[in-house]
Structures are given as structure tokens and as C-alpha cells.
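Peer 1: Structure for this input, please:
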Amino acid sequence: MNADFILHALLGLLPVCCFLAALVLLDSYKLVSIRWVISVIALGCGAALLSYPLNVAGLEWLDIGFSNFTRYVAPLIEEALKALLIVILIRRNRVGFLVDAAIFGFAVGAGFAIFENLFYLQALPDTQLGTWIVRGFGTAIMHGGATAIFAIVSHTLAGQHPTKGNVVLLPGFAVAVIVHSVFNHFFFAPIVNTLLVLVTLPILLTIVFQQSEASVSDWLGSGFDADTELLELINSGEFSASKVGLYLHSLKEKFEGPVVVDLLCYLRLYTELSIRAKGLLMMRESGFANKTGDVTKAKLEELKFLESSIGTTGRLAIKPFLKMSQKDLWQLYMLSD
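Peer 2: Below you'll find the predicted structure:
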């Protein structure tokens, strides 16, 4: 292993890793754990591994030439594989805000770029220094940025249109493919393309982070107060005469007595855990590295039991009094992580 190989490896791998590390450090609420970042990077590497035989097969089958393939087809294949990982995370409520959408998206792209550059290091060991500057500071950052954009747009639209299904994924995917394709066209000199990526992406992500930080703060403030009021009402002697209490009483006509009791227990426990999750985030933002304790983990297990007990119909019955947005469902996964 000579000095040139080490230099090429550093240029190909360090920039995207440093960029990702900066995003994680800028996340003041620590919405994404290091364990999850590493896991998602590994999944991005897997996507790159899978893309290789697909690209080879596509290049042979389409017979449109290498340049046209890299400009029009490869971006579709590669962005689809990366996007699939983000879709799984969104559908499993692992993404709560724009910040973690950006971090997850960039981590997937970073993993893809790391594997791709490691492959090229072995396949093309004698490539010139300038190529690795472009691959490290341009191509790798582009991979992360394109997937981050897909994650940000898709998360936003999924929250705004929760009943639209996979249709909300198309705009973000189109933007990611266009960004990738435009980069591969090299309308400008490679070094100019690289500089454009290095200038535009940080500006975009800075705006996203600022908006998301404000959104998290607003959600924590209003949500914490609302959850606290509801829990105080449930624990008070006036609950049975409240709007929620009267509604639960009316459910006796549709559900058996024990199920109605479980509905109340579920509502109370869900609210308790919601307060706990928001409190943890507030502590993290203040610099305290609090973790989920055994008591909270036991309550999460109890919530799962109650969820099974009341069933889907029961959850639908009390849905008017449960906050079940992307953020609210995400916070439960955050506690269990």
C-alpha cells in the first residue's frame, strides 16, 4: 500500500464522512443516535453493492453507450435503491423531523459513496489525483445530498398528505434523480461541478436545519403543555364529567367494560410516554445525555399489551384524543431505541 493509494483513499472517503459528522453534531436535539447512523451507512453500502449488477445488466441490455447510461439510467437505478431505504424508515415512523430526514438521507448516500469509492480504489488504483478530488468532494457529497433531498421532500409531503400513499414519494424522487443526472452530465468542468455541490448543499441543509429546529421547539412547547393538561385531567376527580370522560363512557355501548378500562389506561399511558419523550428531547437540547430507564421501557411494553388488548377498532375509537402525527408516533420509537 503506497502513499498515493492512502492519499486517494483519504480524498475519496473523508469528505463525505466529515460532512455527515457535521450534520450529526448540528442536531442539537440528538434526534438520530450514532448507532442508527452507522446502521444506515451500512445499508447504503448494501444499496451500492446491489446497484453494481443492476447497472452492468442495464448497460448490456439497453445498448445506449456508457455516457448516456451514466447520465440517464444509472441515476434512476441508484436513487431508487437509496430511496427505498428512506421509504422504509419513513413508513416505520423512524423519521420525525426534517433534521433526522436529512441525516438519514445523507447517511444512506454516504454509505453508497463509501462503497463505490472503495470499489474504484481497487479497480482503478492508478487514477489521477484530480479524479479523487472530484469523487471525494463532488460525487460522494452529491450522493449524500441527493438522497437527503429525497428524504426531506418525501417526509414533508408524507406529513402533509398522510392518505396519499406512495404518490407523495414521486416529487422527491424526481428531484434526486435530476440532481444526480445533472451532475453526471458534467455541463461544467468536473472541478466546477464539485464546487457547485460544495456551495449549494450546505446552504440548503442550513436552511432545512434552521426550520426544523424551530419546528421541534414549537412542537415540544405546545405538545408538552397539551399532554400535561390531559394527564392532569385524567388523574383528577373531574375526568368523568369532561369531554373525554363522557366520550369514553359512551363507548360502553360498543365495547365490553374491561375494554373501555383498557382504552382509558392506553390513553393515560400514551400521554405519560409522550410527556417523557418530550422531556428527554428538552434535556438533550440543554446538553444532558439522558437515556430511557427501565421504568419507561416497562411502560412501553405495557403500552404494546394494551394496544393488542383494545385492537385496531379501539385505537380508532380514541384517535380523536390521541396525537398520532409523524412526530408523535416517532417519539415512541425514540423512547424504545
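Peer 1: give the contact list for residue 146.
Peer 2: By C-beta atoms under 8 Å, 6 or more residues apart in numbering, the residues touching residue 146 are 79, 82, 109, 176, 177, 179, 180. (C-beta placed from N, C-alpha, C; glycine too.)
Peer 1: What's the separation between the first one and residue 292?
Peer 2: Meaning residue 79. 35 Å (C-beta to C-beta, to the nearest Å).
Peer 1: Looking at those two now, which is surrounded by more residues?
Peer 2: Neighbours were counted for residue 79 and for residue 292 using other C-beta atoms under 10 Å; residue 79 has more, 29 against 17.
Peer 1: most surrounded residue in the contacts of residue 146?
Peer 2: In these, the most neighbours by other C-beta under 10 Å go to residue 109, 37 neighbours.
Peer 1: host element of it?
Peer 2: Using DSSP states H and E, residue 109 sits within helix 98-123.
Peer 1: likewise residue 93?
Peer 2: Using DSSP H and E, no helix or strand contains residue 93.
Peer 1: which residue sits closest to it in space, ignoring its chain neighbours?
Peer 2: Closest residue in space to residue 93, ignoring its immediate chain neighbours: residue 329 at 4.2 Å, by C-beta to C-beta, 6 or more residues apart in numbering.
Peer 1: what about the one you found, how many residues close to it?
Peer 2: Residue 329 - counted by other C-beta under 10 Å - has 16 other residues nearby.
Peer 1: what helix or strand is it on?
Peer 2: Residue-wise, residue 329 maps onto helix 326-336 under DSSP H and E.
Peer 1: Pull the residues that contact that helix.
Peer 2: For helix 326-336, contacts defined as C-beta under 8 Å, 6+ apart pick out 31, 92-97, 155, 158-159, 162, 219, 223, 273-274, 276-278, 280-281, 292, 296-297, 300, 303, 322.
Peer 1: pull the CA atoms of that helix into CSV?
Peer 2: Extracted in CSV, the C-alpha atoms of helix 326-336 (Å, rounded to 0.1, in the frame of the first residue of the first chain):
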residue,chain,number,x,y,z
GLN,A,326,-45.5,11.6,12.3
LYS,A,327,-43.8,13.4,15.2
ASP,A,328,-46.0,11.8,17.8
LEU,A,329,-45.5,8.3,16.6
TRP,A,330,-41.8,8.9,16.1
GLN,A,331,-41.3,9.9,19.8
LEU,A,332,-42.4,6.4,20.9
TYR,A,333,-39.8,4.8,18.7
MET,A,334,-37.3,7.3,20.1
LEU,A,335,-38.0,6.1,23.6
SER,A,336,-37.7,2.4,22.6
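Peer 1: where's it relative to the chain centroid, distance-wise?
Peer 2: Taking the mean of its C-alpha atoms, helix 326-336 sits 12 Å from the chain's own mean (C-alpha atoms, centre = their mean, to the nearest Å).
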